[in-house]
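> pasting the structure only:
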Ligand SMILES: O=C1O[C@H](COP(=O)(O)O)[C@@H](O)[C@H](O)[C@H]1O
């Protein structure tokens, strides 16, 4: 499995580069198979990437109606809440392109059918993933074509935080998370085995406050301390960084993509 680190000048350049890369990858997969799937991330650079994609004429090359859209994690809040990753993704991109609503798979909200019960909501999402998994996926969730992941300053990915029980989950594809160190405290997250089932994992990370976590993840830190260290794609893992996030990496590891 190949790991590549690419460094871009600044957050807007990074967001535009990831958006362009996403167009190419999804178009290629759709040309080969007629469909594609992507897992979205929330967070600053994750949403900026969706905004950059919305602004890009090349977005029309994607067959939006044959794209399944999933989320890596969600803040467990009422539907339409401004802090939900879903709300932000819809505003930045999904409301502007011709997605098939049946193929957009938001994680449940805290005012949904399971009420304020994140574990039940996680089970509901797990059932949706299982129903979408095909025999060739060899698992209880689809083998996503691209899984986008932000990384927190503490090294968290999705809503898998250092040393928290969700990180140790080996069986379930989705878990409810309580007591998140980053607000809001209640969340839903894909588990590490589900993330690792993706064909490609792309970390998208900007900012100096992430530099230590990025360095530790890429220099052999344990995944219980730095969750990002435990996430990888089955065929490819890409670290897409801005200069500040890459500032603690040895030059031998990081290739400057936009000088
Ligand atoms: O809360 C979350 O944070 C992480 C990282 O966000 P960032 O703003 O530090 O880039 C994000 O990946 C996750 O989806 C989100 O729920």
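Okay, I see it. Here the structure is a predicted model, which is why all the values come from computation and not from measurement.

> which residues of the stretch 101-250 of the chain fall in strands?
146-149, 174-177, 187-190, 200-205, 236-242 (DSSP state E, counting those that start in this stretch).

> let's have those in TSV, adding distance to residue 252 and mean pLDDT.
Heads up, the C-betas are built off the backbone N, CA and C, glycines and all. Compiled in TSV, the strands of the stretch 101-250 of the chain are given as follows (distance: least, CB to CB, whole Å; pLDDT from 0 to 100):
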stretch	distance to residue 252	mean pLDDT
strand 146-149	24	98
strand 174-177	36	98
strand 187-190	32	98
strand 200-205	19	98
strand 236-242	14	98
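
> can you say which of the ones you listed is packed in most?
Highest mean neighbour count of the strands of the stretch 101-250 of the chain: strand 187-190, a mean of 31 (counted as mean count of other CB atoms under 10 Å).

> pLDDT wise, what is residue 251 at?
At residue 251, the model reports a pLDDT of 84.

> residues near it, how many?
9 (other CB atoms under 10 Å).

> again with residue 19
21.

> so who does it touch?
49-50, 52-53, 56, 59 (CB atoms under 8 Å, 6 or more residues apart in numbering).

> and if you look at residue 120?
Counted by CB under 8 Å, 6+ apart, residue 120 has contacts 114, 176.

> could you rerun that using 7 Å?
residue 114 (CB atoms under 7 Å, 6 or more residues apart in numbering).

> same question, residue 20
56, 58.

> rewinding a little: out of the contacts of residue 19, who has the most neighbours?
residue 49 (30 neighbours).

> out of the contacts of residue 19, which is nearest to the ligand?
residue 49 (10.3 Å; CB to the nearest ligand atom).

> export the strands of the stretch 101-250 of the chain to TSV and tack on distance to the ligand?
Shown next, in TSV, are the strands of the stretch 101-250 of the chain (distance: least, CB to the nearest ligand atom, whole Å):
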stretch	distance to the ligand
strand 146-149	6
strand 174-177	10
strand 187-190	7
strand 200-205	7
strand 236-242	11
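
> please name whichever of those is nearest to residue 13.
Among these, strand 236-242 comes nearest to residue 13, with 7.4 Å by CB to CB.

> let me see the backbone angles for residue 25.
phi -70, psi -50 (degrees, to the nearest 10).

> contacting residues around it?
145-146.

> go on, residue 143?
Here residue 143 is in contact with 137, 197-199, 234 (CB under 7 Å, 6+ apart).

> so where's the stretch 151-259 of the chain uncertain?
256, 258-259 (pLDDT under 70).

> residues of it that sit close to the ligand?
Proximity of the stretch 151-259 of the chain to the ligand, by CB under 6 Å from any ligand atom, involves residues 152, 159, 182.

> rounded mean pLDDT for the helix or strand containing residue 50, please.
Element membership for residue 50, per DSSP states H and E: helix 44-54. For helix 44-54, mean pLDDT is 97.

> briefly note if the helix or strand just after that helix comes near the ligand.
Of the helices and strands lying after helix 44-54 in sequence (DSSP H and E), the nearest is strand 67-71. No: figure legend: strand 67-71 not in contact with the ligand (CB under 6 Å from any ligand atom); closest approach 7.9 Å.

> show me what strand 67-71 is packed up against.
Under the contact definition 3 or more CB pairs under 7 Å, 6 or more residues apart in numbering; DSSP states H and E, strand 67-71 sits against strand 36-40.
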